[in-house]
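K.L.:
model this:
(chains A and B)
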Amino acid sequence: MKERVAHWITRLYPRLWRDRYGEEFEELLTVQPGSLRNIFNVVWSAFREHIAHGTVAAENQLCPRFGSVVRMPSAAIPMMMSLSAFIVVLVHLAASGIARQADEGAAAHIWQMLMAGQIPVLLFFAIKWLPKAPRLALVVLALQAAAIGASMAPVFLLKW
Amino acid sequence: MIDDIESLCGSRLGPGTLYGAIARLEEQGWIEPLPPEDRRRPYRITTEGVAVLQTKLATLQRFAKTGLKRLEAL
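P.N.:
This is a model prediction of the structure:
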């Protein structure tokens, strides 16, 4: 895997985790193949680290903080899925170039599943958090919309 | 480590999975880090880790022995 890719996907991990394991983990990634499987493995593991070490009982707080709300699975999962979809696009660009393929391949199907699969989670987040903390929820929803837009932009710009 | 585990078990761990396991094992006190070599860091099993591993392997050995014995009886 290229050093740059290794560096950027290591940054998906929480800061505390990166402080402890970041350097050796990046080194490991540079000697591993930059396959979709490995990239998804790292992205998913980074998400799990966020959940494992970032769960604050935001529901019990009278005034939940942005950091605690954005770490909730219903907020983090759609963003991670959009990020994963964006990575799928980048890897496909790197492997196959910008030419439109005659048939939809595995990358296209994975992208579609990631984009469609986050919709129920987004709806759940909106239903749960808009009544409780409308401003915070709107900020998080705006971030999620930006992540979706970033993932969809290359697909629309390249007319795939 | 990834290659060693693959030769032992036949399945290849992803790097994220490996480091998730390393972090948990270190948290439990069953492995400890050694001084880094370049950018790499070796790990070593602790005394507590050896004890835990021995117990688990003994359990697995009994399980495998009983299972094979029952299969022979079929």
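K.L.:
what residue lies at the spatial centre of chain B?
P.N.:
Computing the C-alpha centroid of chain B and ranking residues by CA atoms, centre = their mean puts B:Leu53 first, at 7.7 Å.
K.L.:
where do the helices sit along chain A?
P.N.:
Ranges of helices in chain A, per DSSP state H, are A:3-10, A:15-30, A:36-54, A:66-70, A:73-96, A:106-117, A:119-132, A:134-157.
K.L.:
pLDDT at residue 34, what is it?
P.N.:
Since you didn't name a chain, this refers to chain A. For A:Gly34, the model assigns a pLDDT of 86.
K.L.:
look at chain B instead
P.N.:
93.
K.L.:
I figured it hits B:Ile45, correct?
P.N.:
No. Applying CB atoms under 8 Å, one finds B:Leu34 not in contact with B:Ile45, separated by 11.1 Å. In short, each C-beta sits where N, CA and C put it, glycine included.
K.L.:
which one of the two has more residues nearby?
P.N.:
Neighbour tally, B:Leu34 and B:Ile45, criterion other CB atoms under 10 Å in any protein chain shown: the higher count belongs to B:Ile45, 14 against 10.
K.L.:
which intervals of chain A have sub-threshold pLDDT?
P.N.:
Within chain A, the segments meeting pLDDT under 70 span A:53-67, A:99-103, A:160.
K.L.:
how about the residues of it by chain B?
P.N.:
Contact residues (CB under 8 Å from any CB of the partner chain) of chain A with chain B: A:17, A:20-21, A:23-29, A:32, A:37-38, A:41-46, A:48-49.
K.L.:
just the buried ones from those residues?
P.N.:
By neighbour count, with 16 or more other CB atoms under 10 Å in any protein chain shown, the residues of chain A next to chain B hold A:17, A:21, A:23-29, A:32, A:38, A:41-46, A:49 as buried.
K.L.:
list the contacts of the residue nearest to the centre of chain B.
P.N.:
Applying CB atoms under 8 Å, 6 or more residues apart in numbering or on different chains to B:Leu53 gives the contacts B:Trp30, B:Ile45.
K.L.:
can you check which helix is longest in chain B?
P.N.:
Chain B, longest helix under DSSP H: helix B:47-73.
K.L.:
next, the buried residues of it.
P.N.:
B:Gly49, B:Val52.
K.L.:
how distant is it from the center of its chain?
P.N.:
14 Å (CA atoms, centre = their mean, to the nearest Å).
K.L.:
which one, of the helices of chain A, ends up nearest to B:Gly16?
P.N.:
When the helices of chain A are compared by CB to CB, helix A:36-54 sits nearest B:Gly16, at 2.7 Å.
K.L.:
that closest one vs helix A:15-30, what angle?
P.N.:
Per axes from the mean of the first three to the mean of the last three CA atoms, to 10 degrees, the angle that helix A:36-54 makes with helix A:15-30 is 160 degrees.
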